[in-house]
Structures are given as C-alpha cells and as structure tokens.
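Visitor: one predicted model, sequence on top.
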2 protein chains.
Amino acid sequence: MRSFLSERAKNTGKSSIREILEISKKPGVISFAGGLPKPETFPFEDLAEAARRQIGENYRQSLQYGITEGVIEFRKEMIDWLSNFGWSIKLDNIIATNSSQQALDLVSKAFLDPGDVLFCGLPTYAGAIQSFQLFQARSVGVPMESDGMNLNVLEEEIRRVERTGRQAKFVYVIPDFQNPTGVTMSGRKRKKLVKIAMEYDLLIIEDTPYFGLRFEGQEERPINAYDNEGRVITMSSLSKVLSAGMRLAVVVGPENLIDALVTVKQATDLCTSTTTQWIALEWMQNHELSEHLAQARSHYRQNRNVILEALERFFPDDERITWTRPEGGLFIWVTLPEGVNTDELLFDALENKVAFVPGSGFYVNDGGKNSMRLCYSVLQPDEINEGIKLLAEVVRRHLSAASPAREE
Amino acid sequence: MRSFLSERAKNTGKSSIREILEISKKPGVISFAGGLPKPETFPFEDLAEAARRQIGENYRQSLQYGITEGVIEFRKEMIDWLSNFGWSIKLDNIIATNSSQQALDLVSKAFLDPGDVLFCGLPTYAGAIQSFQLFQARSVGVPMESDGMNLNVLEEEIRRVERTGRQAKFVYVIPDFQNPTGVTMSGRKRKKLVKIAMEYDLLIIEDTPYFGLRFEGQEERPINAYDNEGRVITMSSLSKVLSAGMRLAVVVGPENLIDALVTVKQATDLCTSTTTQWIALEWMQNHELSEHLAQARSHYRQNRNVILEALERFFPDDERITWTRPEGGLFIWVTLPEGVNTDELLFDALENKVAFVPGSGFYVNDGGKNSMRLCYSVLQPDEINEGIKLLAEVVRRHLSAASPAREE
C-alpha cells in the first residue's frame, strides 16, 4: 500500500514537547515541563451547578447545534470581560472558537499559502510553530528582548523577505507573559508594532492566553486597541482562567477578516460546543471573572516568588546564567552559557528526577539550545524548591563540562 | 490594504445551505430544511446530573487539558457501543474528535494535496464537499442508486482519473441513511467497495453519523468491518444520538492512518474537550445507548411514516416525481421532473411558508437542480402534513410551468 499522506502532513512532526511531557510524568519526577493551569484555580463547584442547570433546563440550546460565530450570549459576556482591559468590541467583531489552538488553525487556513512568510518570536509558542508548519508556511524568527520582540530586527527581516519576492502575511506575537519566556511587550513596542504593520501592509496576530493573570506591574492595553486600520486579530482563551477542558476561546478582529475565519470554521467544525459555551456564559453572568481570578493570581505570584528565590539560592553563581522575571502567567525562561545543550541536559535531569522543556522546541531556527522553559504553575512551594535544587546540580555538572568556567 | 486571504480561503464559499437555514427560520415557516436532531430525544436530565458530578468532583480531569487521542475511558465506552454493530476495535485504533466535521477536516489535512482527487456520492453531504474544497481537492461525483453509490461508474471514474495522472486518494461514503438521500448502502456493495479500494490502492472514508438510528430493516455491518488491509477510516458521531452541542465524534481506522490524524489534530486544537468527553462517558457507563435510542428511533420512524403518507397524499400524481424510503436517519430525497429548478422553487415555497434545501447544494457537479432534501426530524406530525400540503401546491405550479404534463 502506498503512503496516502499529504505534503502538509509529511511536513509536520509530532511535537517533541509532547514526548517530553509524557516522560516527565514518571512517578517521583518533579516536573517544570507541562504548561498546565492549576485546576484548583477554576471555579469548579459553580461551574458544576451552571452545567446542571444549562444541560437540564436549557437543553434545546445547550445540546443543539449553534451558529458558527458562537453563541451570541457567550460572545456578549466575553465582550464584557474584555472591556475591563480598555477595549470596546462589537458583536460582529468577535467569534467563539474551540480553543486558541483552533484560532491559530483558522488563521493559518485563511491566510497562509505554502511558502508564505510570517514573523514570530525567537523563542515562541511551539503549538503556533506547528500550526504554521502544517500549512507549509515559513516562520521567520525575531529575537525576544526583555520588553518584547526586537522591532529593529523585525523591520530588517521584513525588508529582507520583501526582496525575496515571497508573500509576508503577518507578525505573530504573544504580548502578555509570553509562552515560553514570560516576557511582556511594552506599550511603546505595541504602538510601534502597529505602525510597522501599517508601513509594510501586514497583519498582526495577537495571542493572549494569559490575559487576566497579571500579578504584578501595570496592565498593558492589547495591541488590538492601538489598531485603527483593521490589521490586528486577537485570540484570547478561557483555558487558563475558567477551564482548559471546556476548550473555549474567542477571536477579535475587523469584520472582513473575522468573516473569512467564519467561512473556514464552517468547514472545520461547523460550530464550537454550545454546551460549554452555555455553561461558561451562565457562570460569567453570575460571577465576575476578574474577582474570581484574584485567587489564581495570588497563587501564581506566590509560586513565581518561590521559583525566583530558589533559582537565586540554588543555581550556580555565574553571570552567564540569566532568567526572566514574569509579571504574570506561568513561565520562566532560563538561559545558560553558550555551549550548554539543554536537550542533553534533560536526560541527566530526568535521572535526577526533575524535568523541564528544552528551549530548542520553541525556536523556528536552530537556536535556543542553551535555554529552558520552567513552568511553576501546578507545583507546591516545597516541590519547587526541591526541583530547582535537583536541577541546579545537573546544571552545575553541565556547566563545567561544556565550557571552562570564566576567571573572575 | 491588500487581501490577505490564502488561495484556499478564496476557493471556499459560505455554505448556501446555511443561508437557506437562516431564511427558513422566519416565523410561520414550516421548515424541512435544517438537518437538526430533536433535542427531546437526548437524555438531558441524566446528562445534567453527569455534568454536575464530573465538573464538581472530577475537575482535575474534566476541566484540564487531555491527550490528543481523547480520554481513554471515553474511547473505551465508544468501543463498547460500536461493538454492538459487529465490530471489534482496539484502543490504538480510535480517537475522539471535536465532531465528525472535524474528522473530515483532519482527513483532508492529512491526505489531500491541492489537485488530489476523491470520489463521493451524487449527491453527498454538503459539509464534506466544503471541507474537500477548502483543501483544494477535486471531488468527482458518482451517482447514488437505491442501494448506494453506483460502483460501476465509480470504477470507470477511477480509471479515468488514473489516466489523467492525478493522485486519487479516497472514496467518501455515508453508508447509513445517507445525508441527503436517506439511502443505505447494501452489504453486497460494502464488500465490493472494499475490493475496489484494494484493486486501485485507495482509502475509504466512511462517515456514519446516524449510526443507531435505524428504525426499519436489517442492520448492516460498517464497511470498516469488511476491511483486512487497513484502508478504511470510519467517523461516527454522538451528535444525533446523545447531543449535538457536545461536539463529540470518534474516528476508527488502522493505526498508521490514525497516527497521522493525531499528528495533525495536535496542531489543530491540541485535544477534544475533556469536559464533554467526561460527561458523555459517565452517562454511557450508567446507561445503554442502544436502549435509550429506542425512543428516538420510534420518534423518527413515526415522522418518516407521516411524511411518506403526506407525500403520497398531497404531491402531484406524476410518475416522474419520486422519493426515497429511508430505513433510518432524518432525511428524504425528492426528485422532480427534469426542467424543474428547485433553487427557484424555493423562493415560491418560502412565500407559501414552507422551506427545504434544494438539491444542487449537495452536488459536486451542476446536477441535482430538480431535487430537494426534506428533513422530518424536528416537526410535529400535523406540521409535516401541513408543510407537505403547502409544498405540493408550489410543486404543482412549477410542474406545469417547467415542462408540459405528459399525456396519460
């Protein structure tokens, strides 16, 4: 029998991160690998009650097909919640999707032909890389800085791509507490990015799954709020704040682009689950998401503090080792000296009963080999301390092996 | 601003059926258009109870991310249910998807390059046409007969495509109570279709969303059960039997092809809703789907009987007018004399307060113009009678206008 695979499918590998997550589930391993929210931060009791009522009493809507755009009442509740962030949205500018990952799939479908170019962070979310790769696009990486993507390099890269004659379509950014670095894009860069998109006639795909999980510093307005031309498409998810299992997200953008996404969504899954939309919307009608999130924010802040202290305390005192200081979200990014290979380091870490995700999985080029993502969301403080201690031992060994310690 | 649309998106129109469904929602219109299940046939009270328990007590699983293949316990319950149809399935051969429409999307993604060919019924499910079109494939139509696709024509078409040098990938069939015709493929043709797939090295995509909704005649084994070579991928949905809103389906097939679907699903939406999977599986653990369906089957049988009698009673006595006699499912297919145009007839029907879906939307060529799909699932018997009476008046007018009545 021949292979029936499309070029697209041949082009796509299984996620290496997924394999790592499987391995890191071994009993006794302290894992900083998975990017999971802590389920105890979800309002499960009230959601259970909402589910009972919605399915038992509103079954004509909650168990039936719905419109492709998403349940109107759900979209209105999401508009309400997003208005907290200085953002005014009309009903025709927002649709419900089956998770942000689906929103990426719809964006890829609607806008990417094979060979088309998009720009993304170095590093960036691995699931986005996978989606763009599936649609045979070229992802061009732009280095991340402590206040977001380096926009000078972005402009250089845009010009370079223009000279090749390829179609550049969009810049993909995760402006808040980026996965994997934890970095937030500054207001100045958000404004500038919109200008760049105008100048070079590009779209911006703004992915903000950690919205509402800021536990420090000043809230930034979404990039979308700076857009007057209809160039920004924003995806925001309930997976980290209300429930990952319900797979609910929204996409906000100009009507013509949203309309293109609706057309491809029709062929993709007809509609997002009305059951989960009705459960979520009833909960949102009766509760303030912002208030509910106070507890989640406090939990994530505490864990972030613990991991920062543990890194300070246990990691080798070497100025070539740096890490980010996230103001929200779930991730910290650690950079080790050049020459250290975290793909290899992971094997030793697993032997030492600790896991993380090596940086290379978040790079669209061959960079990131000396970096790692640490997720601090689901662990207990003492596990974080113990895990960082175990990891530090392995890092210390690799440090001396990989490159001679500098003289000080 | 330029258009950012991909060729794929430019190639895809909004579903005309969707527009018709919108129009047919006008108050006072009796609609045979929508292909909706009757929500009263869903076990909403028990599902509500299962939802309350699963979300309230099993939130660590039901509100968290799950594996891409689907919740193991859910897949086991589906294996149990499908075993009623003479079908033995292993865990590695089944995955959960976010509806059968998503299963089509995954199949298109994994197997179709632009220009690739697939074969489908004339007519066939419009959502499948849309999915294949989105991936820029060529759908070649094969006429439907009263016992399923005309397999002689299928072979001729396969040979014709072989001569063009194009890649033919699969045959797409809905063997049970097909949407839109209501026709069931005979056992003889199922066997023969598998032989044809072997001879010409093709896959078979078997789409069976009305499984369990047979109310008359002998159950046929799935095409998949005749396959010894690993050429058949079957998608089966819970949308018509347990809840359309939960968006749950499964795909069954050989491990290597299922594996390809899992890889593309990862990039598509990470995983199917664990919330709805846990609700459904708890319900299935405590109830027999087959028993529960007795009521739904009886309801659909009754409505089928009413519509058959009404057609007999009210439609013009003209032997050029024929309709199918479905043994299950939701649809009847009416063929009017050549020259009658149901796209035009629909306008007059709507004026006469009755709606249906014109046949042309289910054709991948320009055929079907003298046919219509009637869905009898959600109406009351008196509405069916009144609706067919109203429709018959319009048909009678178009009959005399389009072609002179034959002499008898």
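Guide: Happy to help now that I have it. Just so it is clear, the structure is predicted and the values come from calculations on it, not from any experiment.

Visitor: ok, and what's touching the helix or strand of chain A with the lowest mean pLDDT?
Guide: Every helix and strand in chain A was compared by mean pLDDT, DSSP states H and E; the lowest is helix A:16-23, with a mean of 78. With contact meaning CB atoms under 8 Å, 6 or more residues apart in numbering or on different chains, helix A:16-23 is reached by A:A33, A:G34, A:A126, A:L346, A:L350, A:A355, A:V357, A:P358, A:G361, B:T68, B:Q266. Placement of C-beta: from N, CA and C, glycine included.

Visitor: dump it to PDB, restricted to CA.
Guide: In PDB, the C-alpha atoms belonging to helix A:16-23 read as follows (Å, rounded to 0.1, in the frame of the first residue of the first chain):
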ATOM      1  CA  SER A  16       8.800  16.900  20.800                       C
ATOM      2  CA  ILE A  17       7.400  18.700  23.800                       C
ATOM      3  CA  ARG A  18       4.600  16.300  23.900                       C
ATOM      4  CA  GLU A  19       7.000  13.400  24.200                       C
ATOM      5  CA  ILE A  20       8.900  15.200  27.000                       C
ATOM      6  CA  LEU A  21       5.600  15.700  28.800                       C
ATOM      7  CA  GLU A  22       4.900  12.000  28.600                       C
ATOM      8  CA  ILE A  23       8.400  11.100  30.000                       C
END
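
Visitor: ok, then the element right after it?
Guide: Helices and strands here follow DSSP states H and E; after helix A:16-23, the next one along the chain is strand A:30-31.

Visitor: quick check: longest helix of chain A.
Guide: Secondary structure assigned by DSSP state H gives helix A:289-314 as the longest helix of chain A.

Visitor: quick one: the strands in chain A?
Guide: Here chain A has its strands, by DSSP state E, at A:30-31, A:94-97, A:117-122, A:138-145, A:148-149, A:168-173, A:203-207, A:232-237, A:249-252, A:322-323, A:331-335, A:354-355, A:357-358, A:371-375.

Visitor: let me know which of the ones you listed is the nearest to B:F119.
Guide: For B:F119, the closest of those is strand A:94-97, at 31.8 Å, according to CB to CB.

Visitor: which elements pack onto that closest one?
Guide: Secondary-structure packing of strand A:94-97 (3 or more CB pairs under 8 Å, 6 or more residues apart in numbering or on different chains; DSSP states H and E): helix A:72-83, strand A:249-252, helix A:255-269.

Visitor: out of those, which one sits most buried?
Guide: strand A:249-252 (a mean of 25; mean count of other CB atoms under 10 Å in any protein chain shown).

Visitor: neighbouring strands - and their directions - for that strand?
Guide: Applying DSSP bridges, strand A:249-252 is found paired with strand A:94-97 (antiparallel), strand A:232-237 (antiparallel).

Visitor: contacts for the first one, please.
Guide: Meaning strand A:94-97. Contacts for strand A:94-97 (CB under 8 Å, 6+ apart): A:68-71, A:74-75, A:78-79, A:103, A:106, A:235, A:248-252, A:258, A:261-262, A:265, A:272, A:277.

Visitor: what pLDDT, on average, does that strand get?
Guide: Strand A:94-97 comes out with an average pLDDT of 98.

Visitor: gap between it and the chain center?
Guide: Centre-to-centre, strand A:94-97 and its host chain are 18 Å apart (CA atoms, centre = their mean, to the nearest Å).

Visitor: in that strand, what counts as buried?
Guide: A:I94, A:I95, A:A96, A:T97 (16 or more other CB atoms under 10 Å in any protein chain shown).

Visitor: closest one to chain B out of those, please.
Guide: Lowest distance from chain B to the buried residues of strand A:94-97 (CB to the nearest CB) belongs to A:T97, with 8.7 Å.

Visitor: what's opposite the closest one in the beta bridge?
Guide: Going by DSSP bridges, A:T97 forms beta bridges with A:A249.

Visitor: would you check that A:Q295 makes contact with A:F42?
Guide: No. In this structure, A:Q295 is not within contact of A:F42 by CB atoms under 8 Å, at 10.3 Å.

Visitor: among the two, which residue is more densely surrounded?
Guide: Comparing A:Q295 with A:F42 by other CB atoms under 10 Å in any protein chain shown, the one with more neighbours is A:F42, at 27 against 12.

Visitor: pLDDT weak spots in the stretch 251-400 of chain A?
Guide: For the stretch 251-400 of chain A, no stretch is flagged by pLDDT under 70.

Visitor: the residue in it positioned nearest to chain B - how many residues pack around it?
Guide: The stretch 251-400 of chain A approaches chain B most closely through A:T274 (3.8 Å), counting by CB to the nearest CB. By other CB under 10 Å, 26 other residues sit near A:T274.

Visitor: you'd agree it is up against A:Q61?
Guide: Yes. The criterion here is CB under 8 Å, and A:T274 meets it with A:Q61 at 6.4 Å.

Visitor: thanks a lot, catch you later.
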